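Visitor: Mind folding the following:
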Amino acid sequence: MLNDDIRLGDIIVEDDSGDIVLIGFPYDEGVRRNNGRIGAKFGPKSFRELLKRTGTVVNAEYDDLDIRKYLKISDGGNINENLSLEDAHQELEKRIHQLILNNKIPFVIGGGNDQSYPNVSALLNNSKSIYVINIDAHLDVRPLKENNQSHSGSPFRLLCEDQRFYQNSQSIFYLFSFFISLFSLDRFIEFASQGSQCSIEHVNYLRSKSPLTKIIWYQTIRDDPLTPFREIIKSAEEQKSDIFISFDIDSIISSSCPGVSAPATIGLTSQQACDIAFYSGQSFHVKLMDVSEYNPLIEEYRTGKLVTLIFYHFLLGRAKAIRDSMQ
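Guide: Next up is the predicted model:
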């Protein structure tokens, strides 16, 4: 029988051959260490089940845009879920590094937000210059736990302490901070952060890293987050930097996205989240994206469908960019 309604589940193949490759990170040990609600380790499995009926592949709203004509999408499977968190981080970094090396775009579904450091670490190994955009209600620059244990609140503390992220030595950084603010190729932007969720100690930590770090507070962009987001992307493109988008879905208002480890009573709308994903896909400088903290044990269908729509809009954005470049 002819399939007159083709969905993503009909076109995704199970290997690493895609232009965009899904990777699952089924771990929430980092959430537990950060005193969050566990359950995000089931996120990748739930996401894949809901993804099967996500679509359609040919979107009439975008002038009959057919994703199949411009993209191959594949599912590269999960990181082995029987490892310690530290070993899982190492395995994730290796997988992402290899995919980027082969000119693939990894799209990683967590799992806890601790996945974001091994992801960005892999990009640092492959890029001369990067922009990192953390879409998140929280800053995630908490110190490590005892015995240097990372957790879901620490990935960007690790990034900020990673010397590969800086083009200049610390002494040069402080001596010529003005010039670095104009010409440095590396940036870390906290996007849609909520002051009620962010310790002043963590804010001051990021301020100490200025001008390489910037906080864009939710209250300043709540009516129009896409315009400042586009400005960040444009700045990265002008500097020929590779971009990593880290999307913690607790930045989305809980009425639309309740199934997360730490839900927000205010935040981005579901439409704004999809718009951000679409524009992320449109930029050829975006080399890597991850989505964190989807917790189907708390709520599965509404939140899971939104996460699959975020992925779908990323695909639409990339397919449109390719189509536009061919015209």
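Visitor: Kindly confirm my reading that T303 forms part of a strand.
Guide: No. Assigned with DSSP: H, G, I helix; E, B strand; the rest coil, T303 falls outside any strand and is helix.
Visitor: give the contact list for it.
Guide: I249, C257, P258, G259, V260, Y294, N295, P296 (C-beta atoms under 8 Å, 6 or more residues apart in numbering). Using the backbone N, CA and C atoms, a C-beta is placed for each residue, glycine as well.
Visitor: Model confidence at it, what's the number?
Guide: What the model reports for T303 is a pLDDT of 98.
Visitor: wait, which of the contacts of T303 is closest to I200?
Guide: Using C-beta to C-beta, V260 comes nearest to I200 of the contacts of T303, at 23.9 Å.
Visitor: OK, contacts around the closest one?
Guide: Counting by C-beta under 8 Å, 6+ apart, V260 touches I249, D250, I252, S254, E293, Y294, N295, I298, T303.
Visitor: at 7 Å what do you get?
Guide: Applying C-beta atoms under 7 Å, 6 or more residues apart in numbering, we find V260 in contact with I249, D250, E293, Y294, N295, T303.
Visitor: Sort out for me which of those are in helices.
Guide: Within those, residues falling in helices by DSSP state H are T303.
Visitor: Show me the contacts of V260 that map onto strands.
Guide: Cross-referencing the contacts of V260 against strands under DSSP state E gives no overlap.
Visitor: Columns distance to R95 on top of the contacts of V260, output as a markdown table?
Guide: Formatted as a markdown table, the contacts of V260 follow (distance: C-beta to C-beta, whole Å):
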| residue | distance to R95 |
| --- | --- |
| I249 | 22 |
| D250 | 25 |
| E293 | 20 |
| Y294 | 19 |
| N295 | 23 |
| T303 | 25 |
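Visitor: Please render the contacts of T303 as JSON lines that adds distance to S84 and pLDDT to the earlier fields.
Guide: As requested, the contacts of T303 are arranged in JSON lines below (distance: C-beta to C-beta, whole Å; pLDDT from 0 to 100):
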{"residue": "I249", "distance to S84": "25", "pLDDT": "98"}
{"residue": "C257", "distance to S84": "30", "pLDDT": "97"}
{"residue": "P258", "distance to S84": "30", "pLDDT": "97"}
{"residue": "G259", "distance to S84": "26", "pLDDT": "97"}
{"residue": "V260", "distance to S84": "24", "pLDDT": "96"}
{"residue": "Y294", "distance to S84": "22", "pLDDT": "98"}
{"residue": "N295", "distance to S84": "21", "pLDDT": "98"}
{"residue": "P296", "distance to S84": "23", "pLDDT": "98"}
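Visitor: want to throw those residues into CSV with distance to C274?
Guide: Formatted as CSV, those follow (distance: C-beta to C-beta, whole Å):
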residue, distance to C274
I249, 12
C257, 12
P258, 17
G259, 17
V260, 16
Y294, 15
N295, 20
P296, 19
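Visitor: From these, list just the buried residues.
Guide: Buried members of the contacts of T303, counted by 16 or more other C-beta atoms under 10 Å: I249, C257, P258, G259, V260, Y294, N295, P296.
Visitor: Could you point out which of the residues you listed is nearest to L158?
Guide: Nearest to L158 among the buried ones among the contacts of T303, with distances taken as C-beta to C-beta, is I249, at 20.8 Å.
Visitor: Compute the distance between that closest one and H97, please.
Guide: 25 Å (C-beta to C-beta, to the nearest Å).
Visitor: Make sure Q149 is actually in contact with N34.
Guide: No. Between Q149 and N34 there is no contact under C-beta atoms under 7 Å: 10.2 Å.
Visitor: List the contacts of stretch 226-236.
Guide: 131, 133, 189, 191, 216, 221, 243, 272, 275-276, 279, 283, 285.
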